[in-house]
Structure formats: structure tokens, C-alpha cells
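Peer 1: The sequence isn't on hand, but the structure is:
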């Protein structure tokens, strides 16, 4: 029985990074042997165990055979005669198919260490084409290491997989899991560009894919193309180290522009309302958690109004806060402001421009939250005043508080749509 460290931990150490977790492969053993040594089984589809002391994952060396389309269509074979090289051959990329023996020397039958030095993402072999999740993993690694290039033969293979319908068999939960992880990488836009270049984005998220080639007014968007704007907004969210919900909302806030009739280009009147429907549909399809979905819908609906809010007076500001349910969910509203700031700065040459709307709306929210609604309602209740009247009194007090915080700005009754 021989144990080897494999996968991401070996790769990261060769890159000079600290590995987050470690995986191990056992060669020449049976499940019964590991159980006798105190290993605890955790694998459902194939023999994976937890080390009795370190609790790190240990898997028996195995091979796999494709039996059906999609992520789950595999039959696994684990036995003492399966070699380490056979186990490494089933892995996705050469940089993930490196093992380290107990004495420290590397087993690298597929040139992963050289690809790390050269900055190349390359598939190990033909088995890559059997698992469509590997396309998403490849895109995620491209977003993690923007300095790496993808081997041309790997791109060709990915295009063939898309053409053969492999990505259509992906389960929604796995698409969201990999997409979410990719959004949290340093260069999330690169994930989109790779998926788009091989035709996968059009299959997985046609609402996003159609944004490329859609023009915008140059006075507001010097970058012109909506897809280019999307990449700049995502870059801002990554640079500002925003959480996943903010990054998803930044990704989806302009989906409605993809449905603007060409006769109306480059303007996009009403894209906010159109976008809400598309965001909801995509999030339902991917089974996005409700917290992230709700912020994305809110950003699609209200980002224009947030941009215009610098001209709002107290009444209009309070209406915006109420529409966004900001008084009950202030933290979500503050995340909305982060989305909108990324949107405003995600434009060619404008990434450093100030965004006073965020500070102003934050002050308005703080002022409205500071109003003691219980102190206002208590004497009215004692006097027998009804609920509607109490609600109006609280709203008036909040409007006065916002007005004072804004030092008496002009009230804007109408909210238009920016191009």
C-alpha cells in the first residue's frame, strides 16, 4: 500500500501558494484494508475515506468509464492493481495530474509541472471530453490565473464537446456551483470570455451571451458594447473584493439590454423592467440561492434610479428606499449601492470617477432608520388613531429626517430612465 499526495495541493505548492486542503490517493489497497486501519468511508459513488487522524480525504486509485451523457454518467473501478498513472490519467488538466510521493519526489507522467512553468492550461487526455463539468472547471481556472493561456487543442476539444451537446446535460446545481466559484476568482470576466469563445455561454446563459454586439450610447458608455461593459463591471466588483451576491448582481444587472429592438439602439429604454424577468428566469434555471437572486433582481430593477438619485429630494429618496425595502433590509440595500458603483465605474476610462450617489443614499437610509417609529405610534395608538394614520405620521417623520440629512435638496417627483 502506497499513499501519494495529488491534485491541487501539489499544484499550489509548485506555484508557491499555500494549499487550502490536501487530497491523497492510495495505490495497492482495498477498502477493507483502509477500514481496518481506522479510515472512515465517506464516498457514495466510489471509495473515498477520511484519514483517522488528519481527517483529510483519501481515495483509492481508480479508473472510470463513460456510460451516459452528463456529469453522473460514469462507472468507476477501484482495485489494488490500478496504478497511480492510470488514476492521474482520468484527471482534467495536466497541472492537476501531478502526484508527490512520501519521499517528496514528483510523479508527473503528463507534463503538468512544465505546463505550470509555461503558464498553460491543458487537458490530460481524451477522458476530458467525457465530463462536461471540466469545461466549467477550465473556465474557473482561467479566471483564477489570468496569466495562464489555454492550449489550443484544449479549446478545440471544448468546442467539440459543446457541439455534441455535452454541456446541455449539466445539472443546474453544478452549473451554479462552478459559476459561483468562478465569479469569486480574481478575473471573473475571463471565465465568461472562455465560455463564450467555445460556444458554451450561449447554451448555459443565452441571456448573457446575447449582450455582446449590443451597442450603448457612447456618452454614457465609452466602451460602446454591452458585453464589454459587463466585463468592466465584473472587474470592478473583483477589484473591490465584493461578495458573491454583489458579483452576481453586477453580472446580471443589464440583461434587459439584450432584448432591446435594434431599431431603438443604442438607447435601451425599459431595459430595467425587461431585465428583472430575465434575471428571475436565469436564477430559477440555475437554482441560485434566494439571497443572491433577490439582490440581482433588485439591481436590475433599480440601478437606473440609484444612478439618478443625486437629483432626488427627500420624498423621492424615501420612495426609493421603500421600493427597495431598505428600511427592513438595510444591508441588502448597501449591497445594491455597491453593485451600482461597480456599474458606474465599469466603463472605459471612468473606473476612478467618484460615485457620490452611494454616500448620499447611505446617509438617507441612516436618517430614515434613526426615526423612532415606536415613539411616534405610541401616543397615536393611545388616542385611538388608526393604523393608516400612524403609517403616514411615521412616513412624514422619516421624510423630514431625510430632508434634514440632505440639507434640504430639491424634491424630484419623476424618475426617468438613463440610456
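Peer 2: That came through fine. Just so you know, these numbers come straight off a predicted model, no measurement behind them.
Peer 1: For the rest of this, base every contact and every neighbour count on C-alpha atoms.
Peer 2: OK.
Peer 1: Just checking, which helix or strand of the chain averages the lowest pLDDT?
Peer 2: Least confident helix or strand of the chain, by mean pLDDT, DSSP states H and E, is strand 74-78 with a mean of 60.
Peer 1: residues near the closest residue to residue 174 other than its chain neighbours, how many?
Peer 2: Sequence neighbours aside, residue 133 is the residue nearest to residue 174 in space, at 7.6 Å (criterion: CA to CA, 6 or more residues apart in numbering). For residue 133, the neighbour count with other CA atoms under 10 Å is 21.
Peer 1: Residue 133 against residue 170, yeah?
Peer 2: Yes: when contacts are counted by CA atoms under 8 Å, residue 133 is listed as touching residue 170 (7.2 Å).
Peer 1: what comes into contact with stretch 139-156?
Peer 2: Contacts to stretch 139-156, defined as CA atoms under 8 Å, 6 or more residues apart in numbering, come from residues 119-123, 178-179, 181-182, 185-192, 194-195, 198.
Peer 1: Among the residues you listed, name the ones in helices.
Peer 2: With DSSP state H as the criterion, helices contain 178, 179, 181, 182, 188, 189, 190, 191, 192, 194, 195 from among the contacts of stretch 139-156.
Peer 1: Which of the residues you listed sits closest to residue 80?
Peer 2: Nearest to residue 80 out of the ones in helices among the contacts of stretch 139-156 is residue 178 (CA to CA; 32.4 Å).
Peer 1: Return the distance of residue 54 relative to residue 361.
Peer 2: To residue 361, residue 54 is 49 Å away according to CA to CA, to the nearest Å.
Peer 1: Looking at these two, which is more packed in?
Peer 2: residue 361 (24 against 7).
Peer 1: How confident was the prediction at the more buried one?
Peer 2: For residue 361, the pLDDT comes out at 97.
Peer 1: In three-state terms, how would it be classified?
Peer 2: helix (DSSP: H, G, I helix; E, B strand; the rest coil).
Peer 1: who's in contact with it?
Peer 2: Counting by CA under 8 Å, 6+ apart, residue 361 touches 309, 317.
Peer 1: Quick check: it vs residue 392, distance?
Peer 2: With the distance defined as CA to CA, residue 361 ends up 22 Å from residue 392.
Peer 1: What of residue 172?
Peer 2: Noted for residue 172: a distance of 45 Å to residue 392, by CA to CA.
Peer 1: The two: which is more packed in?
Peer 2: Shown here are residue 172 and residue 392; by other CA under 10 Å, residue 172 has more neighbours (15 against 11).
Peer 1: For stretch 18-37, list every residue counted as buried.
Peer 2: 23, 24, 25, 26, 27, 28, 29, 30, 31, 34 (16 or more other CA atoms under 10 Å).
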